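Visitor: Give the three-dimensional model of this entry:
(2 chains, ligands or ions: 2)
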Amino acid sequence: MLDDFLVRAVLAAVGAALAAAPLGVFVVWRRMAYFGDATSHAAILGVALALALSVPVFAGTLVVALLVAFGVARLTGRGYAADMVLGVAAHAALATGLVAASFLSGPRLNLEAYLFGDILAVSKMDLAVIWGGGAAVAALIGWRWQALLLSTLSPDLAAASGVNPERERVTLMLALALVVAVALKVVGALLIAALLIIPAAAARPLSRTPEGMLAGAATVGVIAALGGLWAAWSLDTPAGPSIVCAAAITFGISALGGRLLGGHGG
Amino acid sequence: MSGLIEARGLTLRHGTREVLRDVDFSIAPGEIVTVVGPNGSGKSTLLRALIGALRPSRGKVTRQPALRLGYVPQGLRLDGSMPMTVARFLNLPSRVSAADCAKVLDDAGAGDLAGRQMSDLSGGQFQRVLLARALLNDPQILILDEPTTGLDQPGQASFYRQIEALRNRMGCAVLMVSHELHVVMSASDRVICLNGHVCCEGHPEVVAQAEEYRALFGTGTQGALALYRHEHTHSHDHAPGETCNAG
Ligand SMILES: Nc1ncnc2c1ncn2[C@@H]1O[C@H](COP(=O)(O)OP(=O)(O)OP(=O)(O)O)[C@@H](O)[C@H]1O
Ligand SMILES: [Mg+2]
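Guide: Ligands and ions are numbered 1, 2, ... in the order given. This next block holds a predicted model:
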């Protein structure tokens, strides 16, 4: 069954969507959208370095994403405006990656595949990375769930309850680097942040608890993955962007529905 | 160690600004201590250092091992990005029974709020929920940063009554910041007057007479403080003192 490329594509897309959901809700709650951008753009640099050093692409993107995540967190902790540092980092990481990639010209690097994803070409190995990485993200966030929620609401309340908010922040950055490495093949570096934010945003108007929003984000993500792949297949559109489009449509419907139900707007 | 929480030579900087300098502090079980001081004098900073949210630049904070503390931060607001019911909020970071939830909500006068969204609460309702959360798990010490901000008059009165009752019932210590000097004077065992460092501390009546205290509050508190002192001395000291200097 896994020999069928379409089955592999479906499994990859669903796996990436499920991996993105538990982190995506925190990206929305903590207003880390730009942070997600910076980290995922850095993946291109990771790809270039991995190919240059002949190490697995997954390892390269994971390491570079981690370095950028911690570097940015360090700088913003030093009193630089978070917005500014992230703006610099997000674009510098992308540009550096593109420049580094240009040194690796030739058939070794299909840049477009890493920028926009190449889901129809996922291998069994890629599947193992996606589901393994996704399981790791789910385990990590599930394990720290309560502490993460409280540190997100108020670092001071967390500290008073014996939770170290700094440690929880590190947990999230680890998870973010993992998701970037996992989702790179599916939607590409440019749209990873979209896969994090849009399903969570779509789930917000319809949920009353954090757990409800997580379940909603996972559901929307899976629907978008399947819908996007279906569109890519039947309309011959690029798969990664189609998945994100499907998620955006779900968001529109949910926002409208939320308004009609008199729920929360945002 | 005899105190629940102790600080020795606590010095704390925000950036390059020294906000607290050489503060010694200790609170005993069952004691009610109030910190007073002008805006920006480091009261919240002191409390946050004591709960472990801020790391001292110098000096040391020690808490009794496994200390159960309830904390109400100053001016916390939650935006609506995270859906969160009041009941769910009380279950962070550890789960509590529904009966305990209902009890603390009742105690804090927020009995009917359990199913509401945190982001939909009014300022006073929100404050009551924070109080309720601080009361969970039988705290040995309550640390309250201007806890009655936004509470209506009956709410404030019943809040302070409850704090006293709690102390009497469970021997729970209370450390609070308050600008309501008349309440401070009647409800505390000890008052600490803070302005970057400890200006003076002691029994409320002693502190009220202290020169450093009058320098800080002399002219600004004719309302509340004079009202209190009225009963005792009938003196109206309007002399504008020099400020109690932090640096
Ligand atoms: N996060 C921060 N970064 C930089 N400076 C800070 C920070 N928090 C507080 N400060 C500064 O530290 C000083 C003490 O602040 P703090 O909040 O402890 O005052 P406070 O006594 O609680 O005042 P208030 O009565 O207004 O609540 C102030 O000068 C404030 O500007
Ligand atoms: Mg304060």
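Visitor: so, in contact with chain B or not, the helix or strand where residue A:19 lies?
Guide: Residue A:19 belongs to helix A:5-29 when assigned by DSSP states H and E. Yes: for helix A:5-29 and chain B, the contact criterion (Cβ under 8 Å from any Cβ of the partner chain) is met by A:28, A:29. Any C-beta I mention is one placed from the backbone N, CA and C, and that applies to glycine too.
Visitor: Output the contacting helices and strands for that helix.
Guide: Helices and strands touching helix A:5-29, by 3 or more Cβ pairs under 8 Å, 6 or more residues apart in numbering or on different chains; DSSP states H and E, are helix A:33-53, helix A:124-143, helix A:145-153, helix A:165-187, helix A:192-203, helix A:210-235, helix A:239-260.
Visitor: Show me what counts as buried in that helix.
Guide: A:8-29 (16 or more other Cβ atoms under 10 Å in any protein chain shown).
Visitor: Next one: residue A:99 from ligand 2, what distance?
Guide: 49 Å (Cβ to the ion, to the nearest Å).
Visitor: Give the burial count for that residue, as a bare number.
Guide: Residue A:99 has 12 neighbours, counted by other Cβ atoms under 10 Å in any protein chain shown.
Visitor: and it, what are its phi and psi?
Guide: phi -60, psi -50 (degrees, to the nearest 10).
Visitor: Over to the one 3 residues further on?
Guide: Backbone geometry at residue A:102, expressed as degrees, to the nearest 10, gives phi -70, psi -20.
Visitor: Give me the pLDDT value at it.
Guide: Per-residue pLDDT puts residue A:102 at 85.
Visitor: which parts of the longest helix seen in chain B are buried?
Guide: Looking across chain B with DSSP state H, the single longest helix is helix B:153-170. Residues B:155, B:156, B:158, B:159, B:160, B:162, B:163, B:166, B:167 are the ones in helix B:153-170 that count as buried (16+ other Cβ under 10 Å).
Visitor: Please apply the same query to stretch A:44-63.
Guide: Those would be A:44-51, A:57-58, A:60-63, for stretch A:44-63 by 16+ other Cβ under 10 Å.
Visitor: Same check on stretch A:113-121?
Guide: Going by neighbour count (16+ other Cβ under 10 Å), the buried part of stretch A:113-121 is A:113, A:114, A:115, A:116, A:117, A:118, A:119.
Visitor: And for stretch A:238-249?
Guide: Neighbour-count burial for stretch A:238-249 flags A:238, A:239, A:240, A:241, A:242, A:243, A:244, A:245, A:246, A:247, A:249 (criterion: 16+ other Cβ under 10 Å).
Visitor: following the longest helix of chain B, which helix or strand comes up?
Guide: Defined by DSSP H and E, the subsequent element after helix B:153-170 is strand B:173-177.
Visitor: between that next one and helix B:153-170, how big is the angle?
Guide: Interaxial angle, strand B:173-177 versus helix B:153-170 (axes from the mean of the first three to the mean of the last three Cα atoms, to 10 degrees): 150 degrees.
Visitor: Could I get the buried residue list for the next helix-or-strand element following strand B:173-177?
Guide: Next in sequence after strand B:173-177, counting helices and strands by DSSP H and E, comes helix B:181-187. If you call a residue buried by 16+ other Cβ under 10 Å, then helix B:181-187 has these buried ones: B:181, B:182, B:183, B:184, B:185, B:187.
Visitor: quick one: which of these is nearest to residue B:137?
Guide: Nearest to residue B:137 among those: residue B:187, at 23.5 Å, using Cβ to Cβ.
Visitor: ok, the closest one - contacts?
Guide: Residues in contact with residue B:187 (Cβ atoms under 8 Å, 6 or more residues apart in numbering or on different chains) are B:32, B:34, B:160, B:163, B:164.
Visitor: Please give the element, helix or strand, for residue B:144.
Guide: Counting by DSSP H and E, residue B:144 is part of strand B:141-145.
Visitor: Sorry, wrong one. I was asking about residue B:214.
Guide: With DSSP H and E as the test, residue B:214 turns up in helix B:211-217.
Visitor: what do you get for residue B:25?
Guide: Per DSSP H and E, residue B:25 falls inside strand B:17-27.
Visitor: Contacts for that strand next, please.
Guide: Residues outside strand B:17-27 that contact it (Cβ under 8 Å, 6+ apart) are B:2-13, B:33, B:42, B:45-46, B:49-50, B:57, B:59, B:141, B:173, B:175, B:192, B:194, B:196-198, B:246-247.
Visitor: Under a three-state scheme, what state does residue A:100 occupy?
Guide: helix (DSSP: H, G, I helix; E, B strand; the rest coil).
Visitor: separation between residue B:48 and residue B:201?
Guide: Relative to residue B:201, residue B:48 is positioned 19 Å away (Cβ to Cβ, to the nearest Å).
Visitor: Give the closest residue to the most centrally placed residue in chain B in space, chain neighbours not counted.
Guide: With distances taken as Cα atoms, centre = their mean, residue B:176 lies nearest the centre of chain B, 2.0 Å away. Spatial nearest neighbour of residue B:176, excluding adjacent residues (Cβ to Cβ, 6 or more residues apart in numbering or on different chains): residue B:144 at 4.0 Å.
Visitor: do the same with residue A:44
Guide: Residue A:44 sits nearest to residue A:97 (Cβ to Cβ, 6+ apart), 2.9 Å away.
Visitor: what's next to the host helix or strand of the one you found, contact-wise?
Guide: Using DSSP H and E, residue A:97 sits in helix A:82-103. Helix A:82-103 has contacts (Cβ under 8 Å, 6+ apart) with A:34-35, A:37-39, A:41-49, A:52, A:68, A:71-72, A:75-76, A:109, A:111, A:189.
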